[in-house]
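[1] Dropping a prediction and its sequence here:
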Amino acid sequence: QKEVEQNSGPLSVPEGAIASLNCTYSDRGSQSFFWYRQYSGKSPELIMFIYSNGDKEDGRFTAQLNKASQYVSLLIRDSQPSDSATYLCAVNGRAGSQGNLIFGKGTKLSVKP
Amino acid sequence: GAVVSQHPSRVICKSGTSVKIECRSLDFQATTMFWYRQFPKQSLMLMATSNEGSKATYEQGVEKDKFLINHASLTLSTLTVTSAHPEDSSFYICSANRESTYEQYFGPGTRLTVT
């Protein structure tokens, strides 16, 4: 059973700090990695995807991928209270799975003013 | 780009009735769409994978005769909850794959309450 693991949190950071969210995955053959943000009562929103080892930056968000360690992370710089949400890590599923993603259970982030 | 709509956003129905939820990809073609269910404070649960023009693939434990899925075109999939019961009350969310990628874009969800 392929798995995606995240610390459920809550992760609490002060406003302006860097929030670091981590995710590990079990399938060494995974190629596509995604971060979604889900506000309470809302559906998930895709905020970052990364396919290659290294860092990918988009505004205040940086995704980091280390395939050798089977580890993907999301850094949020200058965290704002509006960043408070649950962050879901997702990894592409089994070969031939028609684009299916395996989701972690999410890390709840709380940014305190 | 990559907008997915869902209708209705909220529905209340009586026990024993059926409810249809529509999911549309507005600015891209989606050969594959997914249906999820999420109970309060719980994680997403994939119910089924829907492909245009073919039968849906249901996850283990999901009753295909209760949750009817139709993917009639490259931009529309529907989920019908038949003979709904209070335990079917949940947040139903669809998503669609941008063609030839694993990128999945979610609709805004439908909150179903069965009384």
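    It's in. Quick caveat: nothing in here was measured; it's all calculated off a predicted structure.
[2] Can you name the residues of chain B that neighbour chain A?
    Contact residues (CB under 8 Å from any CB of the partner chain) of chain B with chain A: B:2, B:32, B:34, B:43-44, B:46, B:49, B:51, B:57, B:91, B:93, B:97, B:101-109. Every residue, glycine included, has its C-beta placed from N, CA and C.
[3] So which of those sit within helices?
    Judged by DSSP state H, helices contain none of the residues of chain B next to chain A.
[4] So among those, which ones count as buried?
    For the residues of chain B next to chain A, a burial check counting by 16 or more other CB atoms under 10 Å in any protein chain shown picks out B:2, B:32, B:34, B:43-44, B:46, B:49, B:51, B:57, B:91, B:93, B:97, B:102-109.
[5] In contact with B:Thr57, which residues?
    B:Thr57 makes contacts with A:Gln98, B:Ala48, B:Thr49, B:Ser50, B:Asn51, as judged by CB atoms under 8 Å, 6 or more residues apart in numbering or on different chains.
[6] 10 Å instead?
    The contact partners of B:Thr57, by CB atoms under 10 Å, 6 or more residues apart in numbering or on different chains, come to A:Ser97, A:Gln98, A:Asn100, B:Thr32, B:Phe34, B:Ala48, B:Thr49, B:Ser50, B:Asn51, B:Lys64, B:Ile69.
[7] check contacts around the third one.
    Residues in contact with A:Asn100 (CB under 10 Å, 6+ apart) are A:90, A:92-94, B:32, B:34, B:46, B:49, B:57, B:59, B:97, B:102, B:104.
[8] Flag every residue of chain A that's near chain B.
    Residues of chain A lying close to chain B (CB under 10 Å from any CB of the partner chain) are A:6, A:8, A:30-34, A:36, A:38, A:40-46, A:49, A:51, A:86, A:88, A:90-93, A:97-106, A:108.
[9] how close does A:Tyr87 sit to B:Phe67?
    A:Tyr87 sits 28 Å away from B:Phe67, going by CB to CB, to the nearest Å.
[10] I meant A:Ser84, not that one.
    In terms of CB to CB, A:Ser84 sits 33 Å off from B:Phe67.
[11] In contact with B:Cys23, which residues?
    Contacts for B:Cys23 (CB under 10 Å, 6+ apart) come out as B:4-7, B:30, B:33-35, B:50, B:69, B:71, B:75-79, B:92-96, B:106-107, B:110.
[12] If you could redo that for B:Phe106, that was the one I meant.
    For B:Phe106, the contact set (CB under 10 Å, 6+ apart) comprises A:36, A:38, A:42-46, B:2, B:4, B:6, B:23, B:34, B:36, B:44, B:93-96.
[13] Could you list the low-pLDDT ranges of chain A?
    Low-confidence segments of chain A (pLDDT under 70): A:1-2, A:94-99.
[14] Strands along that one, start to end?
    Using DSSP state E, the strands of chain A run over residues A:4-6, A:11-14, A:19-25, A:33-38, A:45-50, A:54-58, A:61-66, A:71-76, A:85-92, A:101-103, A:107-112.
[15] Format those strands as TSV; extra columns: mean neighbour count.
    Converted to TSV, these look like this (neighbours: other CB atoms under 10 Å in any protein chain shown):
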stretch	mean neighbour count
strand A:4-6	19
strand A:11-14	14
strand A:19-25	20
strand A:33-38	24
strand A:45-50	18
strand A:54-58	12
strand A:61-66	18
strand A:71-76	20
strand A:85-92	24
strand A:101-103	22
strand A:107-112	18
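[16] Please convert those to a markdown table, extending it with distance to B:Ala84.
    Formatted as a markdown table, the strands of chain A follow (distance: least, CB to CB, whole Å):
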| stretch | distance to B:Ala84 |
| --- | --- |
| strand A:4-6 | 31 |
| strand A:11-14 | 37 |
| strand A:19-25 | 35 |
| strand A:33-38 | 25 |
| strand A:45-50 | 28 |
| strand A:54-58 | 41 |
| strand A:61-66 | 39 |
| strand A:71-76 | 37 |
| strand A:85-92 | 27 |
| strand A:101-103 | 26 |
| strand A:107-112 | 30 |
